Structures are given as C-alpha cells and as structure tokens.
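Enquirer: need the 3D shape of this:
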Amino acid sequence: MAAHVQPSSDKQHKLYQLVDMHGGGELIKWMRYARKGGDYAIVDGYFETTIKQAMYQAGKGKLQSVAELVKARNKERNEHLGAFSRKKGKGKSGPNILDDFNQDQENQGDLKKALKLLDGGKGGKGDAKYREIVWKIEERGSMGENLVGCCLMQGGPIHTELAIRLLNQFPKLVNDVMLSEDYYGLSPLHQAIVNEDPSLSFFCPEDQKGSRTDSLEHEYVELSLKTDYGGRMYFGEYPLAFAACTNQFDCYRLLRAKKADPNSQDTNGNACLHMTVIHENMEMLKLVYDTGGRLQLLNKQNLTPLTLAAKLAKKKMFQQILQLESEYLWDYGQASSIAYPLAKIDTINEENGNLNENSALYLVVYGESEAHLEMLDGLLEDLLDAKWEAFAKRRWFMSLFGFCFFYIIFSLAYMCRPFSATTWVVTGGNISYNGKVVNNGSISPIDMVKLVKIEEVPITDSGLFGFSLHSPFYEHPRCHLWHYTVFGIQGYIRMVCEPLTIAIVLFQLAGELWDIYSIGHVRWWQILITFPTKIFYKMSLLLILGVVPLRFGCGLGDFMLFLDNMFSISAVVLISLHFLYYCRAVKFVGPFVLMIYKIITQDLLRFFLIYFVFLFGFSQGFYIVFLSCERARLNAPFPDPEDASSNIIKNPFEAVIRVFIMTTGEYQTFYGDMSTCQEPTMSTIGKILFFIYEVFSSLMQFNWAQVILMIELSTNPKARLMALLEYSRPIGTDKRKRAFVVNKKIEVDSETERMRKEQQANAVREERKMILKRKMKDAMNREGRKSGMRPATSYLIPPNTAGKKEA
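Expert: Residues are numbered from 1 along each chain as shown. You can find the predicted model right below:
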C-alpha cells in the first residue's frame, strides 16, 4: 500500500509527520525511546495534545452525511480518469439535516435519537445515511487512512504496539474506515486480519473496477454483475470474510465468538462460503459450514457456493460441497447409497419442470475452459447417463428419424426439378426442356412456354394437384417450375414433396418460435451458438421458406429464377451439414465433430477475416493501377492499331473478383497486362503490390453432454418434470425435494465423516418422530378420543363434579 503514495506525500499530509511510510516519524522515535526506558509519558503526551487535535471532539467522533462522502469519493475517482471515462454520481442527496445540529455538545445520544425521529437515519433500502467519522478528514493520509491504519500498513512490531495503544486510548478508531477512492470502507480491523501484503488494492474483483459507479442515495459502490470474481485481493467486505479468505482460523473463531455473522453478504452478494470457494480454501470452508454458514445462500448472480464452484470450475471445492450437502441412505460394509439434492445440481426445476440455467450441470456443460470438462465425471456424468436413459435417448432417435424423413423428402423435391428446362431459359432456347441440343436455337422460347415437342405435339399440364395458374404472368419461360405433370414421374414426385417440405418447415419454425417464447431469446441464442450446424439448419429452413415468394414472383424477371435456384442449392448444403449434430452424440465420432467445429469457428473464421482485409485492400490498389494504365494507353501519342486489348478491371467490384481469381493461381493474364502498362511508375507500383499480395496470401493459405441438454431444451416443462421423477427419488420428509441416488464403494471413513453420518441419521430420526407425533395428534382430534396406548388422567375438573363437591 505504501507503494501507491507519492514521494511528496510526507510533506503534504501532517499525518506522515507522526508516522511516515518509511518506518520513521516523530511518534515512532518516541516509541523506540519508550520501549527502551519503559516510560511512555511522552507518547501519552502526544495522545493528549497532537492526536486529540486531529480527531473530532477529542476522539468521540462526528456524524457525516454519506452523500457528502460519496461526492468526495466520486470526485477523487474522476481525477484519475480520462475525460470520456468519468462518471457522475447518480441519485439525489437531499438536505443535510446535520447542518442544523451542533455536534460539539455532549448530547451525542440525543442527536442520534433526533436523526432517527426525523428521517430514520436510513435510506430507502435500509442503507445508513450517516457515518460516524473519528479522524478529521483533512488530517488523513493520502489513502484516507487514520493514524491506526498508517501503523498497520507498516506491520512492524513498534507500529503494532503503537496501534494497540491508540485503540486502547481511543476505541472508536477501530471502526474509522478509510475514505479514499481505492480503499473506501477498509477499517483497522480489516487491516489487522489481512496484514500480510503491503501492496493492497480495493477489495473488489479486477474486472469490476472499471464499472464502479456511485449513488448519492447509498454508501456502497455500484458494480457490474458480470464478473468472474478474479483478483487476488478480493476478500469481500466484512472482517469475517477477510479472515476466511486468508485462512486465519484463530481470527475467524474469535470474530465468530463475538457474534460475527458468516452469512453477511458483500456488494456482490457473496458470503463467507462463497469467498472460500473463490479462494479455494478447503479447510476454511468446512469451518465456516460447521459454524453456521448456509450452503443455500444466493449471491447477486443467483449462485450458491455449489453453483459458484461449478461456474469457476473449482472441482475440489465442488466435490467437497457435494459431500456436505449429500445424505447417506444406508451403509453396508464398504458400499454406501448416497442421495444428492437436485435443487441446484440438475437443469430441471424440481417444482415446475422449467429449465434452471443457474444449475451446476448447466454451468459445467456450457463452460468454456478445460477445467469445466474435467468436472464432467462422477456425479455429473452419472446424472447425464440417467437423463440419457430417461428421455434424451428416445427423443434423440425420434429427432434423427424425423430429420432423415425430412431430408429424403427435401432431396426428392430438389433432385426432381426440371434442370434442363431451367437450362433452356438460361441458354435462350439452345437446349430444349427435355435436354436435347437445338442447333442455332431453332425453337423459340415461346414453344417451351407452351411445352410443345419438336414434332409440335401439344402437351397439357394440370398444375399443382389440378390447380393451375392460367395467367400470362406465369406463362413466361422462367416460370416453368409451376408445371409438374408434363415432366413425367419426376414432376409428380416434386408435386408431392414440395408442399410436404413447406409444411414440415412451417412446423419446425413454429416449434422454434415456441422455444423462444418459453425460454427467452437470449437463452435460446446462447444455447444455439454452441451448435454451428444447428445455426446452419435454421438458416436452411428460412431459405426454403424464402423460395415460396420467389416462386410466386417468377414472372418479374430471370433474377427471380436465379434466386430460386441459389436458395435451393444453399439449403441442400446447409441441411446436409446437420448430420454432424447427430454425430456429436456418438462417442467415437463426437470428438472429431467438435474438432471440425473448432476449426470452422476459430481457425477458418480468423483466416477469412484476415484474407478479406487483404483482398479488398489490394483489389482497390490494383484498380487504381489498371485505371492509370488504361488512361495512358488511350492517351498514347502513337497508339498501336493492332492493339485490341482492354482494361480487365473496369470497376472496383471486378477488381475484387480478379484478385480472388489470382489467389487460386491464375495470375498470368493479370501480370501480363500489368507488364505491358505504358505508365512506368504505375507499372512498378503494381508489380510491388503484386509481390506483396502473393507473399501474404500464400502464407495465409498455409460433444455428447451438450446434445442431451439441447434435447432437453425442446421438451415441455411437464415432460421434463416427468423425466426428472424417473431418475430421482424423494429426500427427507418433504416429498417435493428430489435427490439423485448413487451407490458406490467408499474407503474407510474418517472420524469427521462418521460423526457427520451419525448427525444426519439422528436428524432424520428426530424429524420422523415429530411427524409421527403430529399425525397421532391429528388422528386423535379427528376421532374425538384419547389415544388407546395408555390411560390418560385429566387435570381439568368437570363442571358437574365441581358442583357436587360444593354441595
């Protein structure tokens, strides 16, 4: 921390005259003298004079408005940021009631009561609006610290002794926090716990520092929720969390004995158990759990310690928390049956069947690191196997057979198209609709419209299932795809398969829209991007659907026929790639499919991005070179009459095509025209560009689990819930809570493990006894009689008996 102080800070701050950042200072000198002689009178004299003058009301403290402190913090932050990075504080501060009170009087207790009566002393969400400050703000160090904080930053024995004497003399200094931007909220208690690293930084994750903003309505700093909790000095905000993060067991027990709450949450919502997971403190996690830490506590990202371990790929911590949450059903020798609660493990909500994207299985399967892959063993692997057998295997085969049926129907619809008739239109009538070559185009295109053979025998067409578009708009040669029966058996097959293909496409798109509505477009897209072939398949469905308006608009021009064929060809290629999706579920093929995915999404994509930059950049350079050469050829004083050459790059778009063709190795024409350029300067520039482009272009030219969850996505909540009931069982007395049971062989239990088993067994027995007593009591109330187990004596005197006695 001392490293952050400027060299001139000792002169700028009076505090450093007493204790500086280099092991010196007036008080340190007198402390050394006092330790040698045993006389601390001079030090105590400093306390009564200089130290008391640096504090509000001689150490009793003074209330300050949180809004004013936040303004000062925001101002300091903006001084260190650029003009475009500065952020103004949000919210409104409101009137400062403290201005109307005289805090120099002795009635501090009355002042706090008055504030509580006037505005509650709290913000809208229970946040304190006033903070008690002991050390004067203008007397603090460069980091907003008081004298105790300055001593603890040095960490020497003399500094520690001085800090203890200060706290004994002025106890309120222990809660007097730092007020600077980087260390706001750090108290001497935090420093005493951490006091092992002098280069401290603000205790929030590294990736949240840039998102820090202030609000005048509360004291805490607003942070972005998107974080991986990285940063070696993110220790939470409470002293107990600091002790847990630094593995200081004695300090933790001492604070816990003083009623410190292990479930107190910081700005990110992390409690002590979350912090032990982040820092991977195994033994401390057990201690926090044994002293009251709650495993079900959620942070701001809706993560429990278990799901946080899954997100951060902390395998050992994940397994330890699983062991703490598990329940032993029975033991027989070295074999055990263990139940794991599925509430935060499974992707299916055990109450309504909806998908739980914050579950451990979801976070592990869709994790991006290799550490996540290593977590897919043990319980999670068994759970995936159970899901596969319960519903995913059946639905996967149904999906595969359905896709094969659709692929066959679509392939027949495409392969039975009259390609010769299309060629007739493209060649202007030089090739007939039945594939015969016609010399000199002796048959006019209008004959193809009427579908007349060479012998001029008329052929009639009944259209699509007898529905024919008798309109001049559709009698043009480019609308030949509207004719079916005239092309024989292939035409009849196409007449059946094309409408069936459109119907299947509409059905699938309706299912996709329902999935988007059910789970939200964000989650739908997050899942879809992990399957590249799925994206291609959805694109092919849209292309097939786009053919319909193109077919109806065929009479507008040949371009509509061109788009019709282009969409159809693209759809065939993209649909064929969808077979790779089903190959991912086959274990001996799946790794190779993932390898292809990685090559496509990373290597090829990166290559094409770089390649297109070179392609477009160099093509425009060559366009300018050839344009100058063409101008020089036309303006030549003695043009060659036999020169019939022309500019091969007439526009920028053609330049891109020419440069792309040159990449494939066809560069003789390109280089030959550039060599004959009559503009020497541009010819030289062109050759240099050619050489650079050829060199760079040549250098550039050189999973099963996700499939199950993807199938789970397309299942409705009711079916998912029924599948959950198949591979889980109730746990405890609450039948709504489900668990996944694993039978396995275990090694010799430790003493701690045996005690935990006994505690669980005793807790279950007590719970069952209470339920049995409650049921017996309810049964007795319904029957209106006492239990027949033993005679019961009433302590109430009946009215008639009492009357007889009085008589």
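
Enquirer: low-confidence stretches in the stretch 201-350 of the chain?
Expert: The model of the stretch 201-350 of the chain has pLDDT under 70 over residues 201-226, 228, 230-233, 333.

Enquirer: quick one, strands of it?
Expert: For the stretch 201-350 of the chain, the strands defined by DSSP state E, counting those that start in this stretch cover 327-332, 335-341.

Enquirer: also the chain?
Expert: For the chain, the strands defined by DSSP state E cover 62-65, 130-133, 327-332, 335-341, 729-730, 738-745.

Enquirer: okay if I get those as a markdown table plus distance to residue 49?
Expert: Where you see a C-beta, it was placed from the backbone N, CA and C, and this is true even at glycine. Formatted as a markdown table, the strands of the chain follow (distance: least, CB to CB, whole Å):
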| stretch | distance to residue 49 |
| --- | --- |
| strand 62-65 | 19 |
| strand 130-133 | 21 |
| strand 327-332 | 65 |
| strand 335-341 | 63 |
| strand 729-730 | 72 |
| strand 738-745 | 68 |
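
Enquirer: out of those strands, which comes closest to residue 383?
Expert: strand 738-745 (5.7 Å; CB to CB).

Enquirer: average model confidence for that closest one?
Expert: Taken as a whole, strand 738-745 carries a mean pLDDT of 67.

Enquirer: check stretch 672-683 too.
Expert: Per-residue pLDDT over stretch 672-683 has a mean of 75.

Enquirer: buried ones in that stretch?
Expert: By neighbour count on 16 or more other CB atoms under 10 Å, the buried set for stretch 672-683 is 673-674, 677-679, 682-683.

Enquirer: and of the residues you listed, the nearest to residue 14?
Expert: Of all these, residue 682 has the smallest distance to residue 14: 73.5 Å, by CB to CB.

Enquirer: skip the chain neighbours and tell me the closest residue to the closest one.
Expert: Leaving out its chain neighbours, the residue that sits closest to residue 682 by CB to CB, 6 or more residues apart in numbering is residue 628, at 4.3 Å.

Enquirer: I figured that neighbour was touching residue 683, is that so?
Expert: No - counting by CB atoms under 8 Å, residue 628 does not reach residue 683; the two are 9.1 Å apart.

Enquirer: what's the overlap in contacts for the two?
Expert: Common contacts of residue 628 and residue 683, defined by CB atoms under 8 Å, 6 or more residues apart in numbering, comprise residue 677.

Enquirer: just to revisit the earlier point, go through the strands of the stretch 201-350 of the chain and pick out the most buried.
Expert: With neighbours defined as mean count of other CB atoms under 10 Å, those peak in mean count at strand 335-341, which reaches a mean of 18.

Enquirer: so what does that one touch, helix or strand wise?
Expert: Where contact means 3 or more CB pairs under 8 Å, 6 or more residues apart in numbering; DSSP states H and E, strand 335-341 is packed against helix 315-325, strand 327-332, strand 738-745.

Enquirer: out of these, flag the one nearest residue 525.
Expert: Here helix 315-325 is closest among the helices and strands packed on strand 335-341 (CB to CB), at 27.5 Å.

Enquirer: what's next to that closest one, contact-wise?
Expert: With CB under 8 Å, 6+ apart as the test, helix 315-325 has contacts from 276-277, 280, 282, 285-286, 289, 295, 305-306, 309-310, 340-341, 360, 371, 374-375, 378-379.

Enquirer: repeat for stretch 369-379
Expert: Residues outside stretch 369-379 that contact it (CB under 8 Å, 6+ apart): 310, 313, 315, 318-319, 322, 340, 345, 363-365, 367, 384, 705, 740, 742.

Enquirer: can you select the buried ones from the residues you listed in PyMOL?
Expert: Command for PyMOL that selects the buried part of those, burial taken from 16+ other CB under 10 Å:
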select buried, resi 310+313+315+318+322+340+345+363+364+365+367+384+705+740+742
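
Enquirer: residue 717 reaches residue 353, doesn't it?
Expert: Yes - at 3.4 Å, residue 717 and residue 353 qualify as touching, with contact defined as CB under 8 Å.

Enquirer: which residues touch residue 553?
Expert: Taking CB under 8 Å, 6+ apart as the test, what residue 553 contacts is residue 560.

Enquirer: what does the one 10 residues further on give?
Expert: Residue 563 is in contact with residue 550, counting by CB under 8 Å, 6+ apart.

Enquirer: which stretches of the stretch 401-550 of the chain form helices?
Expert: Assigned by DSSP state H, counting those that start in this stretch, the helices in the stretch 401-550 of the chain fall at 419-426, 445-450, 488-519, 521-528, 532-552.

Enquirer: domain-wise, how is this structure divided?
Expert: What the record gives for the chain is the domain set 235-325, 329-392+706-782, 413-593, 594-701, from automatic domain parsing.

Enquirer: so which of those gets nearest residue 55?
Expert: Among the domains of the chain, domain 235-325 sits nearest to residue 55 (CB to CB), with 22.4 Å.

Enquirer: give me the distance between the two termini of the closest one.
Expert: 25 Å (CA to CA, to the nearest Å).

Enquirer: number of nearby residues for residue 648?
Expert: Neighbour count for residue 648, taken as other CB atoms under 10 Å: 16.

Enquirer: repeat that for residue 768.
Expert: By other CB under 10 Å, 12 other residues sit near residue 768.

Enquirer: what pLDDT does it get?
Expert: pLDDT at residue 768 comes out at 72.

Enquirer: tell me the one of the contacts of stretch 369-379 nearest residue 424?
Expert: residue 705 (52.3 Å).

Enquirer: between the strands of the stretch 201-350 of the chain, which gets nearest to residue 167?
Expert: Using CB to CB, the nearest of those to residue 167 is strand 335-341, at 45.5 Å.

Enquirer: keeping just the C-alphas, turn the closest one into PDB.
Expert: Output of strand 335-341 as PDB, limited to C-alpha atoms (Å, rounded to 0.1, in the frame of the first residue of the first chain):
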ATOM      1  CA  ALA A 335     -20.800 -49.900   0.000                       C
ATOM      2  CA  SER A 336     -23.000 -46.800   0.500                       C
ATOM      3  CA  SER A 337     -26.100 -45.300  -1.000                       C
ATOM      4  CA  ILE A 338     -25.800 -41.500  -1.200                       C
ATOM      5  CA  ALA A 339     -28.500 -39.100  -2.100                       C
ATOM      6  CA  TYR A 340     -27.600 -35.700  -3.600                       C
ATOM      7  CA  PRO A 341     -30.200 -32.900  -3.600                       C
END
